[in-house]
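Asks: no FASTA, just this:
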């Protein structure tokens, strides 16, 4: 499997402006967890629709291909979900996200899930679509917001009840497991609040919803900086993505695990991620052994230990980095 060398990443540093970023390869998780090298600004300039779509597809392909503990990856399928399903989902969302700048957010989300459903039988990318759609809309705008994150705030603030209705329809079609039910604004019914408002209601129990509620705090303040730093340090894309995944998982318990296996299990998996990084992660032989042990421990017949939300957040971080010019031919 071809991997691109990290030295090319340095050409993008002027476009991804980091606050206090260090080139040191030491203690990557500690710096990300403290947000010390958070990407504060990504300049907002309107991107061509096809460039936005390609960046989104590439982000999904890169995320799916990286061998992350507990996730589906090449040669490591689940009984009901294969690596190839993720490839199909990644390609399917290109056209819907290319149109993100000219459609309401909810329509973008629904059409992306509808497109995915024509190519896969399982839920491969609901969380990714929910995360990437506002980013794609923001990147496609030529507004007055000073940064991509500010433009994302504007996109989310402008959401409507119709956006929530379309997103609910997309969620029902994707049919993710373990959602349960709630008294107010349950996804099985019809929403009466805007998409941002219903996401705020769910933020305490769902990592994707939390990103909406916080204007993508983990994506911009932890995930994207971790990826940029790893690439600048010379890691290949696959290793840089695994490190980003572990950094995000160490920073916040995975809500997909919490829904299916409970908060204690989610907390323990985050602790494992911190221990794995402390052992060196992808940067040392001991760290790679810890990653393999972690992967074996997270795999079970029901996939309860699958850090699916963290994988979605990793895809969002990759997308932000690509929009900032991290991919250099």
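Replies: Everything's here; your move. In this text the structure is predicted, and so the values were computed from the model without any measurement.

Asks: Which residues are in contact with residue 299?
Replies: The contact partners of residue 299, taken as Cβ atoms under 8 Å, 6 or more residues apart in numbering, are 70, 305. Yep, even glycine has a C-beta here, placed from its N, CA and C like the rest.

Asks: That should have said residue 286, apologies.
Replies: By Cβ under 8 Å, 6+ apart, the neighbours of residue 286 are 279, 280.

Asks: ditto for residue 196
Replies: 156, 157, 159, 212, 213.

Asks: what number of residues lie near the last one?
Replies: By the criterion of other Cβ atoms under 10 Å, residue 213 has 19 neighbours.

Asks: Not including adjacent chain positions, what is the nearest residue to it?
Replies: residue 203 (3.9 Å; Cβ to Cβ, 6 or more residues apart in numbering).

Asks: Tell me which residues are up against stretch 167-185.
Replies: Residues contacting stretch 167-185 (Cβ under 8 Å, 6+ apart): 105-106, 109-110, 112-114, 116-117, 123, 126-127, 129-130, 164, 187-193, 195, 198, 201-202, 256, 259-260.

Asks: can you list contacts of stretch 81-96?
Replies: Contacts of stretch 81-96 (Cβ under 8 Å, 6+ apart): 53-54, 56-57, 60-61, 64-65, 72-77, 108, 111-112, 115-116, 118-122, 124-125, 128-129, 132.

Asks: show me where pLDDT drops low in the stretch 51-200 of the chain?
Replies: 142-144 (pLDDT under 70).

Asks: are any of the contacts of stretch 81-96 buried, and which?
Replies: Among the contacts of stretch 81-96, those classed as buried by 16 or more other Cβ atoms under 10 Å are 53-54, 56-57, 60-61, 64-65, 72-73, 108, 111-112, 115-116, 120, 122, 124-125, 128-129, 132.

Asks: domains in this protein, as residue ranges please.
Replies: 27-32+219-322, 49-206 (automatic domain parsing).

Asks: that older thread, pull out the buried members of the contacts of residue 196.
Replies: For the contacts of residue 196, a burial check counting by 16+ other Cβ under 10 Å picks out 156, 159, 212, 213.

Asks: Tell me who's in contact with the last one.
Replies: If a contact means Cβ under 8 Å, 6+ apart, then residue 213 has 196, 199, 200, 203 as its contacts.

Asks: right, and the helix or strand after the strand or helix carrying the third one?
Replies: Using DSSP states H and E, the element containing residue 200 is helix 195-202. Helices and strands here follow DSSP H and E; after helix 195-202, the next one along the chain is helix 207-213.

Asks: C-terminal to that next one, what's the next element?
Replies: Following helix 207-213 in sequence, per DSSP H and E, is helix 217-218.

Asks: count of residues packed around residue 325?
Replies: Neighbours of residue 325 (other Cβ under 10 Å): 17.

Asks: could you dump the domains of the chain to JSON lines with distance to residue 328?
Replies: Converted to JSON lines, those look like this (distance: least, Cβ to Cβ, whole Å):
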{"stretch": "domain 27-32+219-322", "distance to residue 328": "10"}
{"stretch": "domain 49-206", "distance to residue 328": "13"}
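
Asks: most packed of the ones you listed?
Replies: Compared across the domains of the chain, domain 27-32+219-322 shows the largest average neighbour count, a mean of 22 (mean count of other Cβ atoms under 10 Å).

Asks: average pLDDT for the helix or strand encompassing residue 275?
Replies: Using DSSP H and E, residue 275 sits within helix 263-278. Averaging pLDDT along helix 263-278 gives 98.

Asks: starting at the chain centroid, how far to the next helix or strand after it?
Replies: Proceeding N to C from helix 263-278, the next assigned helix or strand is helix 285-298, under DSSP H and E. Chain-centre distance of helix 285-298: 22 Å, with Cα atoms, centre = their mean, to the nearest Å.

Asks: rewinding a little: helices or strands up against the helix holding residue 275?
Replies: Judged by 3 or more Cβ pairs under 8 Å, 6 or more residues apart in numbering; DSSP states H and E, helix 263-278 is in contact with helix 28-33, helix 237-251, helix 255-261, helix 285-298.

Asks: Ok, which of those helices comes nearest residue 267?
Replies: Closest approach to residue 267 among those (Cβ to Cβ): helix 255-261, 8.4 Å.

Asks: wouldn't residue 279 be in contact with residue 293 here?
Replies: No. At 9.8 Å, residue 279 and residue 293 do not qualify as touching, with contact defined as Cβ atoms under 8 Å.

Asks: My read is that residue 97 contacts residue 53, right?
Replies: Yes. Residue 97 lies in contact with residue 53 (Cβ under 8 Å); the separation is 5.0 Å.
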